[in-house]
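Undergrad: Here is my input, please return the structure:
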Amino acid sequence: MNAPVIELVGLTKAYNIGTPVEAEVLHGIDLSLAQGEFAALIGPSGSGKSTLLNIIGLLERPSGGRLSIGGRDTAALPEAEITALRGRSIGFVFQFHHLLPAFSALENVMMPTIIARGAPDDEAEATALQLLDAVGLKAHAHKKPAELSGGQQQRVAIARALALRPRLILADEPTGNLDTHTADDIFALLRAFNQQTGCACLIVTHDPRLAARCDRTIQLVDGSIASAG
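TA: The predicted model follows:
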């Protein structure tokens, strides 16, 4: 059996450790996500969803417990290896696209490959064009983000997240800034890539319609998992 794409065992996160205002925001999280799984992470504001996503995405370190990615325990990895693992294995999509305004859609999609390889090349450009075509934006490849609608910018962000064919996509409210029709389109794109590539997807959403269309729903309440579907 393949190792889970991600596995969390007894994971905790606290801030201001050792001070009078120490606060633990995640309490003994046990969670795994299999290859090809498409899951929603839901919960009220302040429940710890963004913190949990940041830890899974290797943007923050947990205070305790274990986080494994592809069967590899990340606890003892130095920062350089954490950065490399994050770049190779994880694609991020946020509510606000975070595209680089000075660069074209094509250049934004190429950026993860440029960072990984140190320079642009023909293969990176060809892959980026294929991804823009897949999200319906090949004709807009040379436009800057300011020349695109909000939904188009989010499509570019999805293409960028897929540039290195990651095994895991983390999406933090990817449709929260969009109208219902555009949100449905963005969700459908993520679902299509999940099915085509076998990548696992974990999507934070406040939209119960979208959560209901996922393989399972993970509910986080007050820093603990209340239900894992």
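
Undergrad: okay, CA-based contacts and neighbour counts for the rest of this
TA: Fine.

Undergrad: Just list whatever residues bridge to the spatially most central residue of the chain.
TA: When C-alpha atoms, centre = their mean is applied to the chain, the residue found nearest the centroid is Leu170 (1.6 Å). Beta bridges link Leu170 to Phe92, Leu202, judged by DSSP bridges.

Undergrad: show me what contacts it?
TA: Going by C-alpha atoms under 8 Å, 6 or more residues apart in numbering, Leu170 touches Leu53, Gly57, Ile90, Gly91, Phe92, Val93, Cys201, Leu202, Ile203.

Undergrad: Which pair of those residues spans the longest distance?
TA: Ile90 and Ile203 (13.0 Å; C-alpha to C-alpha).

Undergrad: okay, these two: which has more neighbours?
TA: Ile203 (27 against 23; other C-alpha atoms under 10 Å).

Undergrad: Show me the longest helix that occurs in the protein.
TA: Criterion DSSP state H: the longest helix present in the chain is helix 180-197.

Undergrad: List the backbone torsions phi and psi for Glu24.
TA: With angles defined as degrees, to the nearest 10, Glu24 sits at phi -90, psi 130.

Undergrad: Just give the closest residue to it, not the sequence neighbours.
TA: Nearest non-adjacent residue to Glu24, counting by C-alpha to C-alpha, 6 or more residues apart in numbering: Ala14, 3.9 Å away.

Undergrad: Make sure that neighbour is actually in contact with Val21.
TA: No: checked against C-alpha atoms under 8 Å, the pair Ala14 and Val21 is beyond contact range at 10.3 Å.

Undergrad: what are the ranges of the helices in the chain?
TA: 49-56, 79-89, 105-117, 122-134, 150-161, 180-197, 208-212.

Undergrad: For those, give me a markdown table that also has distance to Ile218, mean pLDDT and mean neighbour count.
TA: As requested, those are exported to a markdown table (distance: least, C-alpha to C-alpha, whole Å; pLDDT from 0 to 100; neighbours: other C-alpha atoms under 10 Å):
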| stretch | distance to Ile218 | mean pLDDT | mean neighbour count |
| --- | --- | --- | --- |
| helix 49-56 | 10 | 90 | 20 |
| helix 79-89 | 22 | 86 | 15 |
| helix 105-117 | 29 | 86 | 22 |
| helix 122-134 | 29 | 87 | 18 |
| helix 150-161 | 22 | 86 | 25 |
| helix 180-197 | 17 | 83 | 16 |
| helix 208-212 | 9 | 86 | 14 |
